[in-house]
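In: Here is my input; please provide its structure:
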Amino acid sequence: PTAAMRGGDFSSISTQLINPYTGQPIAGNNISSMINPLSTKWLNDWIPTPNANVPTGSGNYRRTAVQPINYDSYLVREDHRFSEKSNLFVRYLWSKASSNEPVIIPTFTRDQVRTGINIAGDYTHAFTPTIVGEGRFGDHRYDDHEPVGTVNNANMESELGVLGAVGFSSDADSQKGVPPVGVTGFSAFGHSYFGRPRRIYNDSFYYDGLFYVTRGGHAMKMGVSLNQNRDHFPETILPTGSWSYTGFFSGNGFADFLLGIPRSVGTDPNEFEPDARRWTEGLWFQEDWKATSKLTLNLGFRWDRDGGYVSASKTVANYDLSSAPIAINITGHNRPSGWGPALFDAPWNKLLAPRLGFAYRVMSNTVIRGGYGIYWQPMTADPIVNISINSPFESSYGATVDFSNLATFSRTNPLAASTAVGFGATAIQKNFVPGYVQQWNLTIERTVGSNLFSIGYVGNKGTHLVSYDAFNLAPPGPGAIDPRRPFTELLIEPNAGGF
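Out: Numbers count the residues shown, from 1 in each chain. Model (predicted):
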């Protein structure tokens, strides 16, 4: 905004401003006597003045900035040969990447620090010329910090005038998070990113034992694997709110900002943290068998057990959807009989995956190849993160301001008079099972001179693949929408934990 606009003079615009409290036109489009002091403070502290001689709305503030990226890594590896039959290697890798991503407002920051540690080892021993054993282990750690803030670590709730207000964060560090502030017709008056803290740190461990056996035309491989994942994602999404000024009241978004009347305000002030743990185990066998001089078979079989993600701190919540129209909140603190620690039907003990392939030489220049296999789709950490944002561990506050509640709206306590008009929740169906994909193919290859010609068919079929559905939509019909929804009530018991 121009200096004149910052002072309340909108005589340069053609839109007639309206006094939202009286409904009457504002003389000369000048609201200098009506400016909220908190708006002036935000402008003076954070919003730069124009530096390009172009009309407002055409990019009259421009910034060129450098994004420094620093990357350091250290690698240590040792290879040790005990004998002609035994070998060992151990590796340690440490890396750190840091950057400060520039934003259009130079006093806002988004520092990113990503640290990784990888430890791996492998021991191989040849028992005989045709039998080899191998043991492997590894640990991978990843830690990503990316909070939003300011160059002077200012308390944003103090800057906004909402320190101690209903629905805003009470955590001192989260209060430093810059909020999104949208003003229609202008670039963002807040940060384009949000979340403080926002951290992702994971540990992944694996232990593998393998054997390789050769007998005549049989080349066999077999093994056992054990894996553990620890996934952390502590974040407070909107500790200092999300503010929107649209021009609904005065006819101009920036004028609404100066008046201190947002169209909407919303917060997510509580930190969520799934603190997820998961164990998986597997056994597998594979054989390449040269059955005849023309036929080679590839035979394989794999069994896996997936324990599913379980919150070690019991800070996730699912919903029992078997008692419509009431959805019952389930946590690790109050789970009823029949509900396991994962809050859905896990572990999965029978993840069986056969594999079959062949290659047959019909003639010296013609080969037919084919194969079939089943491949399981393990659950990712995303659904567990989603249900960690459920109540009672996370809450959302929101207020929409209009002319019916303008008289009672408080700029310094904007969510005090808000009423609940809906409740968002994410659920994982209790009888969830991992998805799997069947794949098959058949190919004919033939050489003619120096040319190779191939024709093939590839097919696949997915079963129980993961999907996200808006489960509580009302069916089409007359009347009010909410009473027609499958679920109209949520039950959260006092012993569910959280807040």
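In: can you give me the strands in the stretch 251-400 of the chain?
Out: Taking DSSP state E, counting those that start in this stretch as the criterion, the stretch 251-400 of the chain contains strands spanning 264-268, 276-290, 295-306, 310-311, 317-320, 326-331, 348-363, 366-377, 397-400.
In: Out of the ones you listed, flag the one nearest residue 115.
Out: With Cβ to Cβ as the measure, strand 276-290 is the member of the strands of the stretch 251-400 of the chain nearest residue 115 (20.0 Å). The C-beta positions use only the backbone N, C-alpha and C, and glycine is treated the same way.
In: Check which helices and strands the closest one sits against.
Out: Contact partners of strand 276-290 among helices and strands, from 3 or more Cβ pairs under 8 Å, 6 or more residues apart in numbering; DSSP states H and E: strand 218-232, strand 295-306, strand 310-311.
In: picking that back up, check the strands of the stretch 251-400 of the chain for me: which has the lowest mean pLDDT.
Out: Ranked by mean pLDDT, the strands of the stretch 251-400 of the chain bottom out at strand 397-400, which scores a mean of 90.
In: who touches it?
Out: Strand 397-400 has contacts (Cβ atoms under 8 Å, 6 or more residues apart in numbering) with 166-167, 263-269, 414-415, 417-418.
In: ok, 7 Å please
Out: Outside strand 397-400, the residues that touch it by Cβ atoms under 7 Å, 6 or more residues apart in numbering are 167, 263-267, 414-415, 418.
In: Output the lengthiest helix in the chain as PDB, nothing but the C-alphas.
Out: Ranked by residue count under DSSP state H, the longest helix found in the chain is helix 37-46. Taking C-alpha atoms only, helix 37-46 is exported to PDB below (Å, rounded to 0.1, in the frame of the first residue of the first chain):
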ATOM      1  CA  PRO A  37      -3.700   1.100  16.300                       C
ATOM      2  CA  LEU A  38      -2.900  -2.600  16.000                       C
ATOM      3  CA  SER A  39      -3.100  -2.300  12.200                       C
ATOM      4  CA  THR A  40      -0.700   0.700  12.200                       C
ATOM      5  CA  LYS A  41       1.700  -1.300  14.400                       C
ATOM      6  CA  TRP A  42       1.700  -4.200  12.100                       C
ATOM      7  CA  LEU A  43       2.400  -2.000   9.100                       C
ATOM      8  CA  ASN A  44       5.200  -0.100  10.800                       C
ATOM      9  CA  ASP A  45       6.900  -3.100  12.200                       C
ATOM     10  CA  TRP A  46       6.600  -5.500   9.200                       C
END
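In: List the contacts of it.
Out: 6, 105, 107, 159-161, 257-258, 260, 411.
In: How about stretch 489-499?
Out: Contacts of stretch 489-499 (Cβ under 7 Å, 6+ apart): 270, 314, 317, 325-329, 331, 333-334, 391-393, 423, 425.
In: Name the residues of it that come out as buried.
Out: Of the residues in stretch 489-499, 492, 496-498 count as buried by neighbour count, 16 or more other Cβ atoms under 10 Å.
In: Repeat that for stretch 59-68.
Out: So stretch 59-68, judged by 16+ other Cβ under 10 Å, has buried residues 60-61.
In: Off-centre distance for that stretch?
Out: Stretch 59-68 sits 29 Å away from the centroid of its parent chain (Cα atoms, centre = their mean, to the nearest Å).
In: Can you flag the buried ones in the contacts of helix 37-46?
Out: Of the contacts of helix 37-46, these count as buried by 16+ other Cβ under 10 Å: 6, 105, 159-161, 257-258, 260, 411.
In: residues in contact with residue 246?
Out: Here residue 246 is in contact with 184, 253, 256, 263 (criterion: Cβ under 7 Å, 6+ apart).
In: 8 Å instead?
Out: 182, 184, 253, 256, 263.
In: burial measure for residue 436, as a count.
Out: By the measure other Cβ atoms under 10 Å, the count of residues near residue 436 is 18.
In: Can you verify my assumption that it contacts residue 378?
Out: No - when contacts are counted by Cβ atoms under 8 Å, residue 436 is not listed as touching residue 378 (9.9 Å).
In: sorry, back to before: most neighbours among the contacts of strand 397-400, which one is it?
Out: residue 414 (29 neighbours).
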